[in-house]
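Peer 1: Quick one: sequence plus predicted model below, questions after.
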Amino acid sequence: MWHFRIWNVKDVSVLLSIALCLCHAAGAISVTSVQRNLIRSVQEDVLFSVNVTCSCVPTVHWTFMSAAVSRAIGSWQPGVYANITEDYSSRVKACDDGSMGLSDLRLQDAGFYVVTVQDPAGNSKDLGFVLKVTEVLYEDLQYLSVSALVLTGLAGLLMLTMWLLHKACRKFRAWRRRKRMPEADETELQRL
């Protein structure tokens, strides 16, 4: 004989709560990025690009860490609000997809950036970026360009001087030749 067991309400509620917890924990938040090591020069802009998938509207937190300091950059909910700290308010652009743009880079911006994506239930995922900021030595480039310009001008001036001296020398030689020639004596022409 076949025995059928009828599930009671308590068993069903426990099973559903376990299923909801498993569904919620399995991939509720996903944070990925194509490029996590970034190299930029001073005064350039950088975009920390992330792909965030979440079953609800997440809260995105960005933090900066270096050997000397650790500070919060800002937090926002895509499309709802953006709360950027005062230190970064003029340089940070919060994107709705969770990405962050940082403009006018400085040498002090080099370090480790962490994005933390958190859902309303308190689950979170982190992703880190390494930013290296290189310095372009503009003084050396300016010195080189000014030196090249001065040398080009000096070479042009020397070429002009040589051309003028050559012209003067030719005129002087022509004048000397004329002076050495016997003067045109007045000769009387006789009739034949």
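Peer 2: Here it is on my side, so go on. Numbers count the residues shown, from 1 in each chain.

Peer 1: Quickly list what the closest residue to P58 other than its chain neighbours is bridged to.
Peer 2: Closest residue to P58 apart from its sequence neighbours, by Cβ to Cβ, 6 or more residues apart in numbering: V117 at 4.8 Å. Quick note: C-beta positions are derived from backbone N, CA and C, even for glycine. Beta bridges link V117 to V60, K125, judged by DSSP bridges.

Peer 1: Quick one: mean pLDDT for the longest helix belonging to the chain?
Peer 2: Scanning the chain for the helix with the most residues, using DSSP state H, yields helix 138-180. On average, the pLDDT along helix 138-180 is 89.

Peer 1: next one: phi and psi at S55?
Peer 2: For S55, the backbone dihedrals are phi -70, psi -10 (criterion: degrees, to the nearest 10).

Peer 1: Can you report how many residues lie near it?
Peer 2: Using other Cβ atoms under 10 Å as the criterion, S55 is surrounded by 13 other residues.

Peer 1: measure Y81 to S75 for me?
Peer 2: Per Cβ to Cβ, to the nearest Å, Y81 is found 9 Å from S75.

Peer 1: More neighbours: which of these two?
Peer 2: Each of Y81 and S75 has its neighbours counted (other Cβ under 10 Å); S75 has more, 18 against 10.

Peer 1: mean confidence score for the helix or strand where that one lies?
Peer 2: Assigned by DSSP states H and E, S75 falls within strand 70-77. Mean pLDDT, computed over strand 70-77, is 90.

Peer 1: and that strand, which strands flank it?
Peer 2: Applying DSSP bridges, strand 70-77 is found paired with strand 59-65 (antiparallel), strand 81-84 (antiparallel).
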